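*Asks:* Give me a model of this one.
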Amino acid sequence: MSEWEERRLEALSRYDVLDSPREPTFDEITELAASLCDVPIAVVNLIGDRRQFFKAEVGLGVRETPLDSSFCAKAILEEDFLLVPDAAADPRFECNPLVVGEPHIRFYAGALLKSGDGFPIGTLCVLDHRPRQLTDLQQRTLAVLARQVMAQLELRRAVEERDCRFEAASASERRLRLILDSARDYAIIATDGERRITSWSAGAYATFGWSQEEAIGRSLDDIFTPEDRAAGVPLEEAREALAEGCAADVRWHVRADGSRVFMNGSTHPIAAEGDLPAGFLKIARDETEQRQRAEELERTRAELVNSETRFRNMADSTPVMMWVTEPNGYCTYLNRSWYEFTGQSEADALGFGWLDATHPDDRAAAERAFIDSNLAQSPFKAEYRLRRADGAYRWAIDAANPRFGPDGAYLGYVGFVVDIDERREAEEAIRRANTLLEAVMEAVPGVVYAKDVAGRMLAANRGTIELVGRPKSEIIGRTDAEFLNDMAEAEAVMANDARIMAEDRVEMIEEAVSRPDGSRATWLSTKAPFRDANGVIVGLVGSSIDISERKEAEERLRESEARLSEERTRLATLIESLPVGVCFLTPAGDVLLSNPAYQRFLPDGILPSRLPDVDRQWVSWNERGQPLPRSQYPGARALRGEATAGTEFLHRTSDGDTWLRVSGVPLAGEGGTLAAAILVVIDITAQKRAQLALTRLNDTLETQVAERTADRDRMWRLSTDLMLVARFDATITAVNPAWATLLGWSEDDLIGRAFLDLVHPDDRESTLDEVAALSDGLTTLRFENRYRHKDGSYRHLSWTAVPDQSFIHAVARDVEGERKAQAELEQAQEQLRQAQKMEAVGQLTGGIAHDFNNLLTGVIGSLDMMQRRIAQGETDRIERYATAAVTSANRAAALTHRLLAFSRRQPLDPKPTNANRLVTGMEELLRRTIGEGVRLEIVTAGGLWQTLCDPHQLESAVLNLAINARDAMPGGGTLTIETCNAHLDDAYSARQSEVKAGQYVCVCVTDTGVGMTADTIQKAFEPFFTTKPMGQGTGLGLSMIYGFARQSEGYAKIYSEVGKGTTFKLYLPRHYGEGDVSEVLPVCLGDEHRAEHGEVVLVVEDETAVRALVVDVLEELGYRALEAVDGPSGLKLLESDVRIDLLVTDIGLPGLNGRQLADFARERRRDLNILFMTGYAENAAIANGFLEPGMEMITKPFAIDALAARIRTILEARRA
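*Replies:* Numbers count the residues shown, from 1 in each chain. Below is the predicted model:
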């Protein structure tokens, strides 16, 4: 054994802890370590000689194990801490029996237990059955707990040393008492071995009342009380003194007069030679007064305990949680309701543990409020969320009043905690209900209000405010007489209110009220009283809607119904006299009106009855003798919207057969819906009988028929058109010789074959539909399909066919040549259109060149004049030339934007836009633009939806349309700009293929000018079309607007008549997101645009002038600028270690374009922000995929202040 090991074991032995019993202090530390580290096993391990002893353990169940399998034996060789995340993967422990066998230890962490002289005597360790790690906090906590274990061991050793010193002090005290026998304050009595008194001090005489003479020789038992003597206490005291060397004597004794005295003393044996003592020495002091005070105090304490017990019983029986604290805030009591509610134990909650049951988000505020109130000794009140035993949090109110003693000293708090979760939920429900009520009031159309019994307004929605024409602050709290202009109207309204509340009834009345503009309106009001919680009427609620238009409509309806009644009377008189049957049907098939002739022809109606007894009699037959299906009855077809003209059928009833000819016409109402159907019925029985007689007569004319048949056969053989007879199932029964000539099929090839086998697969479905129509008795005219030639090719045929009772008779004409000629004609027309487009391109380029030459003249001329003035030293007029150059350049930029919009390649900046606000904001600009000769009217719709578009492009479109309208009214007129909501349904979308059905915001621009022809309307949106003279227009105006509308997923439409004016409608899709956003850009280079942190910006631009301009701007603003002429040179800078805060790059770089450069940059500098510059972008909706987070784009040409603001914004956003 090494010297170090001997000294270590010696240090361990000084603590005398091996094989000692368990102690709660060490058990608690072990349990705390296991809980903090979230492990199943924790041990206080002491490493002895060839064994390890567990002073405390959790999860093992043993107190000692051999040293050869010990983890801690390795741990004591470490400096302070041993961590084994996975013992199975650690070569030191992978074969350890505790790892490969039970309990399968995989994780170990141990903090050393070091003695005062630095020797490791063991560890505080935690173990687990699975690999894991400890956080830094857990490791530090485990080390702290290890030091706490050592502190307890040191304390334990100190207590043992103190006990030894205490025993020595007790012996000294006994010797001291022997010396003090002569003290008069003490009764000192000596006896012989038989306990007869041999010495009686003066103190004994003063205490017991017997003189020394009276006491000497008496038994010491005489000073004991009768009950103690009966119990043998004197003798037991002597035995104890002999056995222990001292026997305590603290009890009541008897005086000579029989009174009692409480003595506190002891009895000692007097040593003698031999086994028997020479006697006993009793030393005692009279403590009767102290005893009486102690007993009084004990009675008081008992009463206090009883009082506290009664308080606790009362507190524990109340459902309210109660608590008591000391002056320092330490909680000493919580009642049963607290523990049952929170699930805390007394150990968890007392002191400041009750705060652990508060919600983590509320704890700091509750603790601060409690501490502040306790320091101020003032009432305490707080609301916080309290954790219930099931883990749920509920709102509670905690309140307490301070306690003060009789002397005014602060004693702490007595408080209570009440669950108010339901109350808060109720309050929140009331708040939500009030919010909902307010929202409902605002959403309800018309006027909604509430008044008190005095007629004062309590609540009013937007409709009420608009009706009165005053702000809400001037309405609430006032009566109608105080805010309505017409006193008579106010008095009438208030009288109605008072009457309704007095009669306690709900009433709907009409009231006349003047609008803010003075016009009169009729309002339909529904009013009802409302009550408080006691059922007392406290006011009135009401809602009103403006029924002025309805009243006017009702009056017009009454007049219309009167006229309609007169017309019906005349119509009834007319149809009553008609010899034919007439019937009007409702959309449901009910007879609205019929005349006697109809009732005579069809007593059961024109539709088959659903009644079984009638249905059996209502059977109709077509001319081929087939029963007529229900769906083909004339009435049924008319109610489906199908017109039938002269349909003949045999109507069979129980009264006989009747031939009828029926015509049915559907009548359309408003919106194209079916309003009714009119049927006309004629009895043609006599005509049919005549036809039958004629048929019989024809039977006698067989010779004539034979001759005609011969003529038909000659036509059949000689015709170059295809002739065909087939059954309705498509089986061919006869073909003429032209089939062999035209399609190569002989009669033997075709007879018995289905003609559908020869039809082109793409035409087969339409052919089947046509056969179905023929089977219904309809005639086919000019129906085209493709038939297969015997050689496999197909030819186009145009068919005419008629059905009879059993067969289809058809004739086909070869139209292949006609179709080829038509195709050649269309090709020639397309070539003509292309030639016209090229001519228009010439017009366009000429117009653009003319405009750009004018603009460049302004730019170049102004710059030339600036150079001349600078050379001459004259700088006073340079600003004028600079302004002219900038103005011309901006006009050129606007023309470029129009060209991009026309090509649908202009980058848009879509924002939620309020068209009402945009149009009204342009009013002054529009008036200046159109001049005084044109009157401007702007009509905006209430409740207009938002749309998502580029507001600048929408302004440009409206301005462009206004200018076109002005030019169309050379003699003056009216320009109306109107907004409205529009819903384009599926039917409209079907008619306009490029329109999607849905909800749109519509901006209409209408003029009263010369109008447009149909041909002009058709060409108006064509890219190069213009009606203006050469040089006065590029033909881009309406094309630009059309391009903007289509880019915005909208639609544009023109309505016009020559001489009556033009309406242009721009449909933009409804936006369902948040409201419109107005972007405010700085207008000058101020300090807010300057660099603040020495930022570095890399500029990549192949255009030297643009690159130099951007670099100059950046340097002027205090940025450090790096520049590159193309993508590869920019990439080299990005791959270097140079600081770069922002990349500004052109998109259209040669070779490696701007977007590719940005992707490479993001790979190397993940958080780098990027600003793209572009004068042309492939995808106008660039924000829908081109731009990623941290990327923005600015369109050339751009203003310097806009560039500076955009760069500053990007850098600030990155920093945030």
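
*Asks:* Pull the contacting residues for the nearest residue to G1151 once chain neighbours are set aside.
*Replies:* Excluding its sequence neighbours, the residue lying closest to G1151 (Cβ to Cβ, 6 or more residues apart in numbering) is G1127, at 5.7 Å. All C-beta atoms are positioned from the backbone trio N, CA, C, and that covers glycine. Contact analysis of G1127 by Cβ atoms under 8 Å, 6 or more residues apart in numbering lists 1100, 1149-1154, 1156-1157.

*Asks:* Of those residues, grab the buried ones for ChimeraX.
*Replies:* Listed next is the ChimeraX selection for buried residues among the contacts of G1127, using 16 or more other Cβ atoms under 10 Å:
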select :1100,1149,1152,1154,1157
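
*Asks:* Can I get the contacts of G1127 in CSV including pLDDT?
*Replies:* Below are the contacts of G1127 laid out as CSV (pLDDT from 0 to 100):
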residue, pLDDT
V1100, 94
L1149, 86
P1150, 82
G1151, 77
L1152, 87
N1153, 89
G1154, 90
Q1156, 90
L1157, 92
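
*Asks:* so which of the contacts of G1127 comes closest to P1069?
*Replies:* G1154 (30.7 Å; Cβ to Cβ).

*Asks:* distance of that closest one from Y1119?
*Replies:* Distance, G1154 to Y1119, by Cβ to Cβ, to the nearest Å: 20 Å.

*Asks:* Then G792?
*Replies:* Counting by Cβ to Cβ, the gap from G792 to Y1119 is 76 Å.

*Asks:* out of the two, which sits in the more crowded spot?
*Replies:* Comparing G792 with Y1119 by other Cβ atoms under 10 Å, the one with more neighbours is Y1119, at 24 against 7.

*Asks:* Where does the prediction get shaky in the stretch 201-350 of the chain?
*Replies:* Scanning the stretch 201-350 of the chain for pLDDT under 70 picks out 272-276, 300, 304-305, 307-308.

*Asks:* again, 90 this time
*Replies:* In the predicted model, the stretch 201-350 of the chain carries pLDDT under 90 at residues 201-204, 206-207, 212, 241-245, 249, 265, 270-279, 281-320, 346.

*Asks:* That one: strands as residue ranges?
*Replies:* Secondary structure of the stretch 201-350 of the chain (DSSP state E, counting those that start in this stretch): strands at 247-254, 260-270, 279-286, 321-325, 331-334.

*Asks:* who wins for proximity to R917 among the ones you listed?
*Replies:* Of all the strands of the stretch 201-350 of the chain, strand 321-325 comes closest under Cβ to Cβ, at 57.6 Å.

*Asks:* who does the closest one touch, helix- and strand-wise?
*Replies:* strand 331-334, helix 336-342, strand 393-404, strand 410-419 (3 or more Cβ pairs under 8 Å, 6 or more residues apart in numbering; DSSP states H and E).

*Asks:* residue contacts, A597?
*Replies:* 578-582, 681.

*Asks:* And the helices in the stretch 651-800 of the chain, which stretches?
*Replies:* If DSSP state H, counting those that start in this stretch is used as the criterion, the helices of the stretch 651-800 of the chain fall at 685-699, 702-718, 738-743, 747-750, 764-775.

*Asks:* chain center to the fourth one: distance?
*Replies:* Right, helix 747-750. Distance of helix 747-750 from the chain centroid (Cα atoms, centre = their mean, to the nearest Å) equals 73 Å.

*Asks:* Sort out which residues of that helix are buried, please.
*Replies:* Neighbour counts over helix 747-750 (16+ other Cβ under 10 Å) mark 749-750 as buried.

*Asks:* which helices and strands sit right next to it?
*Replies:* Going by 3+ Cβ pairs under 8 Å, 6+ apart, helix 747-750 lies up against strand 732-735, helix 738-743.

*Asks:* Of the ones you listed, which is nearest E1135?
*Replies:* helix 738-743 (74.3 Å).

*Asks:* That closest one: how far from the chain's middle?
*Replies:* Worked out by Cα atoms, centre = their mean, helix 738-743 lies 72 Å from the chain centre.

*Asks:* So which elements touch it?
*Replies:* Counting by 3+ Cβ pairs under 8 Å, 6+ apart, helix 738-743 packs on strand 722-727, helix 747-750.

*Asks:* Let's have those in CSV, adding distance to L944.
*Replies:* Shown next, in CSV, are the helices and strands packed on helix 738-743 (distance: least, Cβ to Cβ, whole Å):
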stretch, distance to L944
strand 722-727, 62
helix 747-750, 68
